[in-house]
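J.: take this sequence and fold it.
(2 chains)
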Protein chains: 2
Amino acid sequence: MNLFLENVSKYVSLTPEEEHILLGLMHSLTVKSKTVLLKQGQIAKETYFVTKGILRSYTLDDHGVERIVSFASPQWFISDMYSLHAEAPGNLYIDAIVDSEVLVIKKEDQEKMYDLVPKMERFFRILIEKNVVANQQRMLDNLTLTAETRYQKFCKKHPDLIHCLPQKQVASYIGVTPEFFSKMKSNWIKKIAN
Amino acid sequence: MNLFLENVSKYVSLTPEEEHILLGLMHSLTVKSKTVLLKQGQIAKETYFVTKGILRSYTLDDHGVERIVSFASPQWFISDMYSLHAEAPGNLYIDAIVDSEVLVIKKEDQEKMYDLVPKMERFFRILIEKNVVANQQRMLDNLTLTAETRYQKFCKKHPDLIHCLPQKQVASYIGVTPEFFSKMKSNWIKKIAN
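T.: Numbering: from 1, shown residues only, chains lettered A, B, ... in the order given. Okay, the predicted model is just below:
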């Protein structure tokens, strides 16, 4: 079954006709590794639903260092939600970490979805609520948890990613330097082994 | 006209029957000044729509200093969205700054709204999108704008509030000490007068 429809069916029941309408409002795109889909300062006009590979969003801090905001593996959405809804230049880059495939939903087609298949209001309402919760949780985690506990949470949340992501990208997501990350991981493995 | 229905009608058209259903799913509450509706560590179970007065949400920083997250005057919603949707203990206090009146929407009644009046999916979807945009914008403003510019933006956004809020609360929202705020304001007034 189409991965997108499978995802939607977790929250709302669609008729075959509604499914057909939705599929007509998005198109698939092959995204080679390192291809940039959105740059800082641009206005986001699309949301991506990953069907293969891994995308990420990141921002550059004051020292030009990459800070990874999110990873998206198959069945995850990724976009600059602020830029998309505010229709203002965003702060995020979005690119592919490995050769990937996505379904592209243009903003105007997302609006059409709401008109043609009103059930999609519920789907995207729940999706945004989940996004708000995840962002707030991550902010709290950064303030209250050790890097080690944050890494353990990351492993639980993205078990499919830990073996295919470069260590420095995981370190950036956790919010530590690659050197600290490497040391932390080897200490952790020693602890488990004892 | 009921303030809540007026607000909803900006985004969706309701029939008289639907309006009747919505009004049956909330109740009004008089909230005396300083009454606390939600405490840090509690799980939020309600959303408040202000019909009179001013409510605020705030958190305590590591030094026990109040950091105001948002003000809500008539026609604004206020809740701990993270706690409400994650069903986890939240980080916010919500209280009334002056004698106020609110419409209380319990979480389970909000779910009923979606089932009985599906148009409310659109209303709350748009509301959450606006909330995401406002939070992100405020975070960017805190990182990039001077306190003076942030104050000017606040005056534009809440023209109804600037004359009824204690200065120290506006200072807390802007993210400066009351002393700095007072100095900044008097410098600003001098600048305008010259």
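
J.: only C-alpha atoms for contact and neighbour calcs from this point on.
T.: OK.

J.: give the contact list for A:R67.
T.: A:R67 sits next to A:Y58, A:T59, A:L60, A:D61, A:S172, A:Y173, A:G175 when contact means CA atoms under 8 Å, 6 or more residues apart in numbering or on different chains.

J.: what subset of those residues is buried?
T.: Neighbour counting by 16 or more other CA atoms under 10 Å in any protein chain shown classes A:Y58, A:T59, A:S172, A:Y173, A:G175 among those as buried.

J.: turn the contacts of A:R67 into TSV, columns for distance to B:S28 and pLDDT.
T.: Putting the contacts of A:R67 into TSV (distance: CA to CA, whole Å; pLDDT from 0 to 100) gives the following:
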residue	distance to B:S28	pLDDT
A:Y58	44	93
A:T59	44	90
A:L60	46	87
A:D61	46	78
A:S172	47	88
A:Y173	44	89
A:G175	45	86
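
J.: inside strands: which ones of these?
T.: Judged by DSSP state E, the contacts of A:R67 include A:Y58, A:T59, A:L60 as members of strands.

J.: tell me which of these is nearest to A:K185?
T.: Closest approach to A:K185 among the ones in strands among the contacts of A:R67 (CA to CA): A:Y58, at 22.9 Å.

J.: with adjacent residues omitted, what lies nearest to that closest one?
T.: Excluding the flanking residues, the one nearest A:Y58 by CA to CA, 6 or more residues apart in numbering or on different chains is A:I68, at 4.2 Å.

J.: quickly run through the sheet partners of the helix or strand hosting that neighbour, with directions.
T.: A:I68 belongs to strand A:66-72 when elements are defined using DSSP states H and E. Partners of strand A:66-72 in the sheet, by DSSP bridges, are strand A:55-60 (antiparallel).

J.: so what's the residue count around A:S186?
T.: A:S186 has 11 neighbouring residues, counting by other CA atoms under 10 Å in any protein chain shown.

J.: ok, now how distant is it from chain B?
T.: Using CA to the nearest CA, to the nearest Å, A:S186 is found at 32 Å from chain B.

J.: quick one: contacts of the host helix or strand of that residue?
T.: Secondary structure assigned from DSSP H and E places A:S186 in helix A:178-193. With CA under 8 Å, 6+ apart as the test, helix A:178-193 has contacts from A:E148, A:Q167, A:K168, A:A171, A:S172.

J.: for the third one, the count of nearby residues, please.
T.: Around A:K168 there are 15 other residues, counting by other CA under 10 Å.

J.: can you check the one 10 residues further on too?
T.: Here the neighbour count serves as a burial measure; for A:P178 (other CA under 10 Å) it reads 16.

J.: from A:A147, how far off is it?
T.: 12 Å (CA to CA, to the nearest Å).

J.: show me what contacts the residue nearest the centre of chain A?
T.: The centre of chain A sits closest to A:A72, judged by CA atoms, centre = their mean, with a distance of 3.5 Å. Shown here is A:A72, whose contacts under the criterion CA under 8 Å, 6+ apart are A:V50, A:I54, A:L55, A:R56, A:I78.

J.: kindly report the same for A:L55.
T.: Counting by CA under 8 Å, 6+ apart, A:L55 touches A:F71, A:A72, A:S73, A:I78, A:I94, A:D95, A:A96, A:I97, A:V98, A:S100.

J.: got it, and A:S79?
T.: A:A44, A:E46, A:T47, A:Y48, A:S57, A:I94.

J.: cool, and A:Y11?
T.: Per CA under 8 Å, 6+ apart, neighbours of A:Y11: A:R122, A:F123.

J.: mind checking how far it is from B:L29?
T.: 33 Å.

J.: do A:H27 as well
T.: Distance from A:H27 to B:L29, by CA to CA: 49 Å.

J.: please apply the same query to A:S172.
T.: Separation of A:S172 from B:L29 (CA to CA): 47 Å.

J.: repeat that for A:E179.
T.: From A:E179 to B:L29 the distance is 55 Å (CA to CA).

J.: neighbour-wise, which of the two wins?
T.: Neighbours were tallied for A:E179 and for B:L29 using other CA under 10 Å; the higher tally belongs to B:L29 (14 against 11).

J.: show me which of the ones in strands among the contacts of A:R67 is closest to A:A134.
T.: Using CA to CA, A:Y58 comes nearest to A:A134 of the ones in strands among the contacts of A:R67, at 16.0 Å.

J.: report the beta-bridge partners for that closest one.
T.: A:I68, A:Y93.

J.: how about it, what does it touch?
T.: A:E66, A:R67, A:I68, A:V69, A:S70, A:L92, A:Y93, A:I94.

J.: the fourth one contacts A:T59, doesn't it?
T.: Yes. A:V69 sits in contact with A:T59 when judged by CA atoms under 8 Å, with a separation of 7.1 Å.

J.: follow-up on the earlier one: and the buried ones among the contacts of A:R67, which is closest to chain B?
T.: Distance to chain B, by CA to the nearest CA, is smallest for A:T59 among the buried ones among the contacts of A:R67, at 12.4 Å.

J.: ok, the closest one to A:W76 distance?
T.: From A:T59 to A:W76 the distance is 19 Å (CA to CA).

J.: kindly report the same for A:V31.
T.: A:V31 sits 15 Å away from A:W76, going by CA to CA.

J.: so between the two, which is more surrounded?
T.: A:V31 (21 against 17).

J.: how about the more buried one: what's its closest non-neighbour residue?
T.: Using CA to CA, 6+ apart, the closest residue to A:V31 is A:S100 (5.0 Å).

J.: and the one you found, what's its pLDDT?
T.: Looking at A:S100, its pLDDT stands at 97.

J.: go on, A:M1?
T.: So A:M1 comes in at 60 (pLDDT).
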